[in-house]
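Chemist: sequence first, then the predicted structure:
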Amino acid sequence: MIGWCRSLFFAFACAGVLAAVPLPSSAEAAVSQEAAAKSISEAYGVQVLKVRAGELDGRKVWLLTVMRPGGNSNGAFQVHLLAVDQQSGELVSSFRHHASGYTLPPLPPGGER
């Protein structure tokens, strides 16, 4: 049950981050790239493949490309994109809730769902 919930969490966390726009400068970040990568790696047991600066809803974030470890589950070796707030170090939710439900952020040019 926990493995299934973790897979679902990663899928939800990654869905909206794909629309983030890269930023040229990350000198003002309170949380470094290395600290964000280490925190997510330890908290979720994933391997961080890449970290880059981005922006999501006007907030500066680190975009982490992560891979789940191998094993005997359908989630083995899945790659996801997560966003971590540069100021707080918190994982940023990819869903935007509205009174009538929720919406996913727009896809990047050439993206598919």
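Modeler: Cool, the structure landed. On a predicted model such as this, the values are computed, not experimentally measured, just so you know.

Chemist: from now on I want contacts and neighbour counts done on CA atoms only, so please keep to that.
Modeler: OK.

Chemist: can you give me the distance of the residue nearest to Asp85 when sequence neighbours are not counted to Leu91?
Modeler: In space, and not counting its chain neighbours, Asp85 is closest to Val61: 4.4 Å by Cα to Cα, 6 or more residues apart in numbering. As judged by Cα to Cα, to the nearest Å, Val61 and Leu91 stand 9 Å apart.

Chemist: any stretches of the protein with poor pLDDT?
Modeler: Across the chain, the ranges flagged by pLDDT under 70 are 1-28, 96-99, 101-113.

Chemist: okay, helices next: where are they in it?
Modeler: Ranges of helices within the chain are 2-15, 33-44, based on DSSP state H.

Chemist: what are the buried residues along stretch 46-64?
Modeler: 46-48, 51, 53-56, 60-64 (16 or more other Cα atoms under 10 Å).

Chemist: tell me which residues touch Ala76, please.
Modeler: By Cα atoms under 8 Å, 6 or more residues apart in numbering, Ala76 lies in contact with Arg68, Pro69, Gly70.

Chemist: the first one: how many residues sit nearby?
Modeler: For Arg68, the tally of surrounding residues (other Cα atoms under 10 Å) stands at 19.

Chemist: repeat for the last one
Modeler: Counted by other Cα under 10 Å, the residues lying close to Gly70 total 12.

Chemist: got a list of what it touches?
Modeler: Gly70 neighbours (Cα under 8 Å, 6+ apart): Ala76, Phe77.
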